[in-house]
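K.L.:
could you look at this predicted model? Sequence included:
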Amino acid sequence: MFKLYPMKSVFKLILNTIPRPLLIRLSYVARPIIAFSLKGDKYTDPIDGKSFKSMLPYGYETQRNNVLSPSTLSLERHRLLWLYLNEQTDFFTSKEKKKVLHFAPEQAFYKLFRNQKNIDYTTTDLFSPLADVKADICNLPFEDNQYDVILCNHVLEHIPDDTKAMQELYRVLKPGGMAILQIPQDLSRAVTFADDTITDQKERAKIFGQYDHVRIYGRDYFDKLRSIGFKVIEEDYTNKIAPELVEKYCLAKGEVIPVCFK
């Protein structure tokens, strides 16, 4: 029988020590086996519709239980984004082809978006093997007003000059276009916290959640996006979903999606 407790240590070791390109290749082999061992009907990944008796744990400094989908490797934020795009936008149904720019593309979405006939899909990142274009988010090699949709999920907390990154995102977005710029956020904080004097990796992981995060965003994140020029909707979408589905899909209750328009 599959035992979840030992898997916590195994997954933490795998996710934190194996280089990302190799991890991506290994996951294609491991996922079907893990998904089969956890098959059940208590929780469902809405991205692929598969159900499980439990999700997997995930986390760096602190493990969160029951959050990582065995089939798509999606986390709470990915499943929430998929639901929002599917239920509240024409991302999947638009008859006019949309130009989409996706930063640091997640495996949960990559093949799904790549196969969408109504999407002209470009991925970008400095290091990801899934990136079509290797690029610095602070100096993008794209012309102004190019993209109908930009997806940038948990990237900006890694970027020292996030103002410049936001300006670049705004520059390449078409007028009327939509950018979804998710970040890890502490909504109990009014003001974003950063401290460059903390250099020890373990201490940074303890304070910022990961050793390579450079800040903890507070509620002022939305106003910073507005200062760049975006019109921002603070979409608390879990409050628009039935509570039983929030639990079934293993979402993070109260997570806010920053939906930005130019």
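P.N.:
Structure received.

K.L.:
all contacts plus neighbour counts: C-alpha atoms, from now on.
P.N.:
Will do.

K.L.:
and the strands in the stretch 151-262 of the chain, which stretches?
P.N.:
Along the stretch 151-262 of the chain, counting by DSSP state E, counting those that start in this stretch, strands occupy 173-180, 231-235, 257-261.

K.L.:
out of these, which is closest to residue 208?
P.N.:
Closest to residue 208 of the strands of the stretch 151-262 of the chain, according to CA to CA: strand 257-261, at 20.0 Å.

K.L.:
ok, which of the strands of the stretch 151-262 of the chain comes nearest residue 126?
P.N.:
Nearest of the strands of the stretch 151-262 of the chain (CA to CA): strand 173-180, 19.5 Å.

K.L.:
for the closest one, the averaged confidence score.
P.N.:
Averaged over strand 173-180, pLDDT sits at 98.

K.L.:
show me what it is packed against.
P.N.:
Other helices and strands packing on strand 173-180, by 3 or more CA pairs under 8 Å, 6 or more residues apart in numbering; DSSP states H and E, are strand 147-152, strand 257-261.

K.L.:
okay, these, which one's buried deepest?
P.N.:
When those are scored by mean count of other CA atoms under 10 Å, the highest mean neighbour count falls to strand 147-152 (a mean of 23).

K.L.:
residues in contact with the closest residue to residue 231 other than its chain neighbours?
P.N.:
Nearest residue to residue 231 in three dimensions, chain neighbours excluded: residue 261, at 5.0 Å (CA to CA, 6 or more residues apart in numbering). By CA atoms under 8 Å, 6 or more residues apart in numbering, the contact list for residue 261 reads 175, 176, 177, 178, 179, 230, 231, 232.

K.L.:
make a markdown table out of the strands of the stretch 151-262 of the chain and add distance to residue 248.
P.N.:
Converted to a markdown table, the strands of the stretch 151-262 of the chain look like this (distance: least, CA to CA, whole Å):
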| stretch | distance to residue 248 |
| --- | --- |
| strand 173-180 | 24 |
| strand 231-235 | 20 |
| strand 257-261 | 19 |
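
K.L.:
so for residue 84, which of the helices and strands packed on strand 173-180 sits nearest?
P.N.:
strand 257-261 (8.9 Å).

K.L.:
partner strands of the closest one, with direction?
P.N.:
Here strand 257-261 is paired, per DSSP bridges, with strand 173-180 (antiparallel), strand 231-235 (antiparallel).

K.L.:
which parts of the last one are buried?
P.N.:
Using 16 or more other CA atoms under 10 Å as the test for burial, strand 231-235 gives 231, 232.
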